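In: Have a look at this prediction, sequence included:
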Amino acid sequence: MNIHDVIRNQITSHPVVLYMKGTPQFPQCGFSHNAVQLLRACGVKEFFAVNVLEDPAIRQGIKEFSNWPTIPQLYVRGQFIGGSDIMTEMYQKGELQALLKDLAVSQEAPAPTPSAR
Ligand SMILES: N[C@@H](CCC(=O)N[C@@H](CS)C(=O)NCC(=O)O)C(=O)O
C-alpha cells in the first residue's frame, strides 16, 4: 500500500479525520490547536487524529493528496474541508457546526448499559 492508499483508507474509515501536528491532548502548533478547539466547539469529542510529526511520509503525502500545502487538514466523511483558517471562517458562519452536527454525538462512546440486579 502506498502512502496515498494509507490516507485514502484513513479518511474513508473514520468520519472525522484531522491531520495535525502533535495530538489533540498536546497539539504542537497553534494552527493544529485551533483546529482541535473548533472540532470540540462543534461537539466532536472524539475524532481520528493523525500526528504528522511522527510520520514524514504522511506529512508530505497528505499535502500531495489534498493538493494543500499546510497542516492541519480536516477531512469529514472522506471529503477535504480545509485547514485552520477555513475551519475558523466556516465556524464563524455556522457552517462547520452544520457539517459536523450529525457526527457530534455519534462518535461519542455509548453510555454503559446499567447492569441488571
Ligand atoms: N493558514 C494555514 C496555517 C497552517 C500553517 O501555516 N501550517 C504550517 C506551519 S504549522 C505548515 O504546515 N507548514 C508545512 C509543514 O510544516 O510541513 C491554515 O489555515 O491551516
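Out: That came in fine, so what should we check first?

In: part of a strand, is residue 74?
Out: Yes - per DSSP: H, G, I helix; E, B strand; the rest coil, residue 74 lies within a strand segment.

In: And what about the nearest residue to it once chain neighbours are set aside, helix, strand or coil?
Out: Excluding its sequence neighbours, the residue lying closest to residue 74 (Cβ to Cβ, 6 or more residues apart in numbering) is residue 81, at 4.4 Å. Glycine gets a C-beta too; all of them are placed from N, C-alpha and C. Here residue 81 is recorded as strand under three-state DSSP.

In: Identify the residues contacting residue 81.
Out: Contact partners of residue 81, counting by Cβ atoms under 8 Å, 6 or more residues apart in numbering, are 74-75, 87, 90, 99.

In: for the chain, what are the low-confidence residue spans?
Out: Applying pLDDT under 70 to the chain picks out residues 105-117.

In: Pick out the residue nearest the middle of it.
Out: Closest to where the C-alpha atoms of the chain average out (Cα atoms, centre = their mean) is residue 18, at 2.3 Å.

In: Tell me who's in contact with it.
Out: 24, 32, 35-36, 39, 47-50, 72-75.

In: For it, list each beta-bridge partner.
Out: On the basis of DSSP bridges, residue 18 is bridged to residue 49, residue 74.

In: circling back: now the contacts of residue 81: which count as buried?
Out: By neighbour count, with 16 or more other Cβ atoms under 10 Å, the contacts of residue 81 hold 74-75, 87, 90, 99 as buried.

In: quick one, strands of the chain?
Out: Along the chain, counting by DSSP state E, strands occupy 16-20, 48-51, 73-76, 79-82.

In: Residue 103 is nearest to which of those strands?
Out: Within the strands of the chain, the stretch nearest residue 103 is strand 16-20; the backing value is 5.8 Å (Cβ to Cβ).
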